[in-house]
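Asks: here is the input, now give the coordinates:
(chains A, B and C)
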Amino acid sequence: MGNEVILRVMGLKKYFPLRRTLKEILMFKKGRSVKAVDGIDFDIHRGEVFCLVGESGCGKTTTGRLVTRLIPPTSGRMLFKPSPQTLKHLPKEILVDGEYVELSSKLPKNISRLLRREIQIIFQDPFGSLNPRMKVYDILKEPLIIHGIGSTEDERRKLIFKALEEVKLTPPEEFTGRFPHMLSGGQRQRVAIARALLLGPSLIVADEPVSMLDVSIRAEILQLMIDLKEKRGLTYIFITHDLAVASYICNRIAVMYLGKIVEVAPTDEIINKTLHPYTKALLAAVPEPDPSNRFKIREVPIKGEVPSAVVIPPGCRFHPRCPYAMDVCRREEPPSIEYSPHHKVSCWLYARR
Amino acid sequence: MALLDVKKLKIYYYTLSGIVKAVDNVTFSLEKGEVLGLAGESGCGKSTLGYGLIGLIPPPGRVAGGSIVLDGKELTKLSSEELRKVRWNEISMIFQGAMNALNPVYTVGFQLAEPLIIHKGFTKREALERAAELLEAVGLHRNMVRRYPHELSGGQKQRVVIAMSLILNPKLVIADEPTTALDVVVQAQIMNLFKKIKNEYRLSIIFITHDLSLIAEIADRVAIMYAGKIVEIGSSEQVFNNPYHPYTKGLLNSIPRIRHKEKITWIPGVPPDLRAPPPGCRFHPRCPYAMDVCRREEPEMKAVEPGHYVACWLY
Amino acid sequence: MKLAKILENESFRIFIRSVVSKAGLTFLFVMVAISIYVVATMPLDFGIRVWSNPKLWADNPKNAPPIWVNYFSNPKLMEHVRIVISKPARVESVEGGGKIFTYVVTYRHGYEQFPQTIIIRFQNVTYYTRYTPVIEVSVRRPDRLVIERLFVWRALTTAGKPPYVRSERIDIEGYKEAAPQLSTFLLREFNITITPERILSREVPATEIIMGKPTVKDENLQFKPLKGRYVFTFKVRTYSDKDYVGGIAMVFVGRAYGLMGTDNLGRDLALGLIYGFPVALLIGVVTSVMTTAIGALAGIVSGYYGGFVDEAIQRVCDVLNNIPLLPLLILMTFIVKNPASKIKISPLAVIVMVLIAFGWAGLAIVIRSMVLPIKSQPFIEAAIAAGASKLRVMFKHILPQVAPFIFAQMIFFTPSAILSEAAISFLGLGDPSIPTWGQILEASYRAQALQNGFWWWVIPPGILIMYAAITFVFIAQGLEPVVEPRLRTR
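Replies: Model prediction:
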């Protein structure tokens, strides 16, 4: 893992406007919005597995969709460094610093399509992410057709077979003719991975890729992803709610809460030198297969549940649930504090005042 | 005598494309105040077993054999009317996703109190008072009786559902994946609630989940199901610390743990189609230790240590 | 080659399992078969050239019931008979030029009734000189009596250039030339005196004199039909060798006609009804295909694009959905049918167009609501992430998901289109040049057929309209479990 930054996200925001209520229209109030992602910064280095961890509604999935350009951001920047062969095809004038592309700007269609090949996504639901009316072969052929890869059917067939072999669906001809419902969950997720790989991406956003799979096959998919990463030199943004899975596969973990990253650090640091009270609470809540646990009540230091992303608490957005909340937390939003190199936390407890 | 005694229970679904043996020759028992964790992958029949115990198997499924004895009463022989009385009075069930099945047009209090008014002849005031008490017991404020479901958060709703299962003082509660839709923090809170209930009420609980970690949090004894059969059953310590069956071992090794960095493994292959399960031991196609006998004959449950039973030819 | 595949298809198996869909398919098959037959055998402008051409129907009995009523009634009604002879039985040459053609028409009468009348047609009598052909008609009756020279007909010279061509239709009732001969015949053979005037005024019908045996009962002269063989001989004398007669037709106008009877203009209802099949099919299929195509497209675009496009399409749909269709249809056809109107469009086309224009909105709203959840399915996002264009997503990924529903809707819409057309036609706003079942019904209603007991004119078109509607309703019902898996029973 080098220090080459492949993706730099700065001040990224995504607000989903709500329909204005009648009262709001009558009182000429501005419509409210769900602040799914509310200003996040992070860098991703080539070759690493970067994890976004948080509870439902924290904005981790939205972040993944923003990076894959499935939805446009409200504001903020996403600088992406394409692979050299893609870089060759990009006009100089749209590049930032000569090697980065601004993903949040509106790109011309052909460039947008070119960049789609660079960033691919794997979804959580292997049942929903494959078109139920298409055979595996056609599902895999689609990206090839869209991008005009392979000029003859023969060439495409070879590529598809190779992709299936890569995700260990062998022999390929046994799977190409099947519909998604004829595959197990794990096999479906492999097809989804194969589809993502066919375009030769450098960055893959994996949105909870194993959380809907049976426990016994999760490890297999995770191992496959690790192997593919090594082989292809991939970079992952791994989105999960499961800290155990995150700690297993990721190099760095960013913990999100209500649209913000509250703590980001290498995996070991996050787990062993936890700083943010929310991260601590998450870690404390993770169940472990240890039967002696049943005799003790788990200490979960925080109370309540995640508030709605429409009405975000003032100051530190975690303060209503925080056992250490101070006056300043209620008034001001904490800055991102570099506690140690590579370990950043957004909490007033660690501000040097 | 055990509170619940299940012997050779068979629950089959008679579908057009064949008989699905969702639960096949399952035998176990449950003492009073004991929590049995029922674990297995999706489609292993653990939920069907839960439904079978309270007599609510969705058609075309039905009990095809075996017995369920609750407190000396044979449940499989009861008429549907008698069974209805047993349900909720003696056994209650927390269904998967029940928190989203609360009726949005009635207050939480009314939904809690209704069975008391109908079954126990409580007045409305008495019933609501009892509901409020129960809400406090599950960690909610008693004022919640006047709230509507949409005003509650996911965790609060799940607490209400747990309260509902307790309202008629059942002897046995079956909880089917009660925390799947919840976030980790809330899940931990709900698990704490289960522990509290278990201690305070001396309740017997059958806790059904795919997540072995959750079972370790609550269960005194653990049953591992695979393809409609219990393959291993024993105390939590026995199963977690000293697993015998290759499937149990595989499952335990596939769980990533935060503070242990060892490599996790997996069980190759996929669970069998229950319409045509493989002959012999149903696990043999995925088993690394499969022998000839495994392919031919079904293993019987054998005691490997006191109270620890395994169905595997290795022992 | 693909048929085997269809038969193996699971959806098709589910579809064909139900009795309703089997019935529906059988009905449809019959409908299509008849339509093919009609298109192959009947002229496309049947409406104008045949149906609305009174000359063609002049010889037919009016308001005659179908012949099969004879199975249920006594006395038997006389069947309508038309005999056409194109070849002469004998040709003799006459010295000094010209020929004598002898045509013989044999008719066997077997009813206790007289024909309503006898009509004789000379077709295309062609001649080249001013000496025009003469036709002499005589009859030999079953009782061996002969009416010699019943009448003599002579083609009158036509102005212009030869060849001169004439056709003549002679209704024996009220035919001046025949009356004196019949009077003489009665006097000679039966010693009964009837003046030609009384014959001409139809007091004593000519048909009855020709085909009956007179009896006098209580001073009243009555005729009893003579059963048996009648031989009509036509001697044609021409005066040039080139002259000839195209053909001779005799019509014994009966009291029962064809498979489905006739209407008040003597039109063969069987023809009109059978012609209704392809028309109904065309109206139904064109309307439903167009409607569902537009509706599906609008719905998918609306649902997938969202925002302003969605809002615009949905508001249009709301408006279209809330305009009452029937009054509008009446107004539109009224405008088009107005002779002063400058718009020259078939009212049928107007009906179809209005049905399409106002029919798609409902479907568009439903399809949109189906597209919304599909749109947020991960496989759609996966396609977008792979770089698929909007068109590709809409037609490759969304359309196949809703296609079964669209197909079922298309079939479901067919009967309503057929019924709407029938309703409009029944209100007298149909297209007179294209007979439809609705128009036949309307004509019967106008002629007060029901009050007069002409049930054969009212019931069959009604049944056929129902038949067509039910065909598609059955198929749609059979499709429902395919489209809506929740309805599948095991």
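Asks: for the closest residue to C:Phe413 other than its chain neighbours, what are its contacts?
Replies: Here the nearest residue to C:Phe413 in space, its sequence neighbours aside, is C:Ser288; by C-beta to C-beta, 6 or more residues apart in numbering or on different chains that works out to 4.0 Å. Every residue, glycine included, has its C-beta placed from N, CA and C. C:Ser288 makes contacts with C:410-411, C:413-414, C:417, as judged by C-beta atoms under 8 Å, 6 or more residues apart in numbering or on different chains.
Asks: can I get these in CSV including secondary structure, distance to C:Gly430 and pLDDT?
Replies: What follows is those, written out as CSV (DSSP: H, G, I helix; E, B strand; the rest coil; distance: C-beta to C-beta, whole Å; pLDDT from 0 to 100):
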residue, secondary structure, distance to C:Gly430, pLDDT
C:Met410, helix, 24, 87
C:Ile411, helix, 24, 87
C:Phe413, helix, 20, 86
C:Thr414, helix, 18, 88
C:Ala417, helix, 14, 87
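Asks: now these as JSON lines including neighbour count?
Replies: Supplementary listing: the contacts of C:Ser288 in JSON lines, determined by neighbours: other C-beta atoms under 10 Å in any protein chain shown:
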{"residue": "C:Met410", "neighbour count": "23"}
{"residue": "C:Ile411", "neighbour count": "23"}
{"residue": "C:Phe413", "neighbour count": "27"}
{"residue": "C:Thr414", "neighbour count": "29"}
{"residue": "C:Ala417", "neighbour count": "27"}
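Asks: distance to A:Val210 added to those, as TSV?
Replies: As requested, the contacts of C:Ser288 are exported to TSV (distance: C-beta to C-beta, whole Å):
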residue	distance to A:Val210
C:Met410	43
C:Ile411	44
C:Phe413	46
C:Thr414	49
C:Ala417	52
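Asks: for the residues you listed, which one is nearest chain A?
Replies: Comparing the contacts of C:Ser288 against chain A with C-beta to the nearest C-beta places C:Met410 closest, at 18.7 Å.
Asks: how much space between A:Leu107 and A:Arg8?
Replies: For A:Leu107, the distance to A:Arg8 equals 17 Å [C-beta to C-beta, to the nearest Å].
Asks: which parts of the stretch 151-300 of chain A sit against chain C?
Replies: Proximity of the stretch 151-300 of chain A to chain C (C-beta under 8 Å from any C-beta of the partner chain) is limited to residues A:192, A:195, A:199.
Asks: host element of the first one?
Replies: So that's A:Ala192. Under DSSP states H and E, the secondary-structure element containing A:Ala192 is helix A:185-198.
Asks: can I get that helix in CSV, CA atoms only?
Replies: Extracted C-alpha coordinates of helix A:185-198, given in CSV (Å, rounded to 0.1, in the frame of the first residue of the first chain):
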residue,chain,number,x,y,z
GLY,A,185,-26.8,-16.2,-2.4
GLY,A,186,-23.1,-16.6,-2.4
GLN,A,187,-23.1,-17.5,-6.1
ARG,A,188,-25.1,-14.4,-6.9
GLN,A,189,-22.7,-12.2,-5.1
ARG,A,190,-19.9,-13.8,-7.1
VAL,A,191,-21.7,-12.9,-10.3
ALA,A,192,-22.1,-9.4,-9.0
ILE,A,193,-18.4,-9.2,-8.3
ALA,A,194,-17.6,-10.7,-11.7
ARG,A,195,-19.7,-8.0,-13.3
ALA,A,196,-17.9,-5.3,-11.5
LEU,A,197,-14.5,-6.8,-12.4
LEU,A,198,-15.3,-7.1,-16.1
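Asks: how far off centre is it?
Replies: If you compare the mean C-alpha spot of helix A:185-198 with that of the full chain, they lie 17 Å apart, counting by C-alpha atoms, centre = their mean, to the nearest Å.
Asks: that one close to chain B?
Replies: Yes - counting by C-beta under 8 Å from any C-beta, chain B has neighbours in helix A:185-198: A:185-187.
Asks: immediately after the lowest-mean-pLDDT helix or strand in chain A, which helix or strand?
Replies: Every helix and strand of chain A was ranked by mean pLDDT, DSSP states H and E. The lowest is helix A:22-26, at a mean of 76. The first helix or strand that comes after helix A:22-26 along the chain, using DSSP H and E, is strand A:33-45.
Asks: is any residue of whichever helix or strand comes after that following strand near chain B?
Replies: Next in sequence after strand A:33-45, counting helices and strands by DSSP H and E, comes strand A:49-53. No - contact of strand A:49-53 with chain B (C-beta under 8 Å from any C-beta) is absent, the minimum separation being 9.8 Å.
Asks: so what touches strand A:49-53?
Replies: For strand A:49-53, the surrounding residues in contact (C-beta under 8 Å, 6+ apart) are A:42, A:44, A:60, A:63-64, A:229, A:235-243, A:246, A:249-256, A:267, A:282.
Asks: now that strand against strand A:33-45, angle please.
Replies: For strand A:49-53 and strand A:33-45, the angle between their directions (axes from the mean of the first three to the mean of the last three C-alpha atoms, to 10 degrees) works out to 160 degrees.
Asks: return the list of strands paired to strand A:49-53, each annotated with direction.
Replies: Taking DSSP bridges as the criterion, strand A:49-53 sits next to strand A:235-240 (parallel), strand A:252-257 (parallel) in its sheet.
Asks: could I have the first one exported to CSV, CA atoms only?
Replies: Going back to what we said before, that points to strand A:235-240. As requested, C-alpha coordinates have been extracted for strand A:235-240 and formatted as CSV (Å, rounded to 0.1, in the frame of the first residue of the first chain):
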residue,chain,number,x,y,z
THR,A,235,-8.8,-0.5,-4.0
TYR,A,236,-11.9,-1.0,-2.0
ILE,A,237,-14.3,1.2,-0.2
PHE,A,238,-16.0,-1.3,2.1
ILE,A,239,-19.2,-0.2,3.6
THR,A,240,-20.6,-2.2,6.5
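Asks: what's the closest of the strands paired with strand A:49-53 to C:Thr436?
Replies: strand A:235-240 (62.8 Å; C-beta to C-beta).
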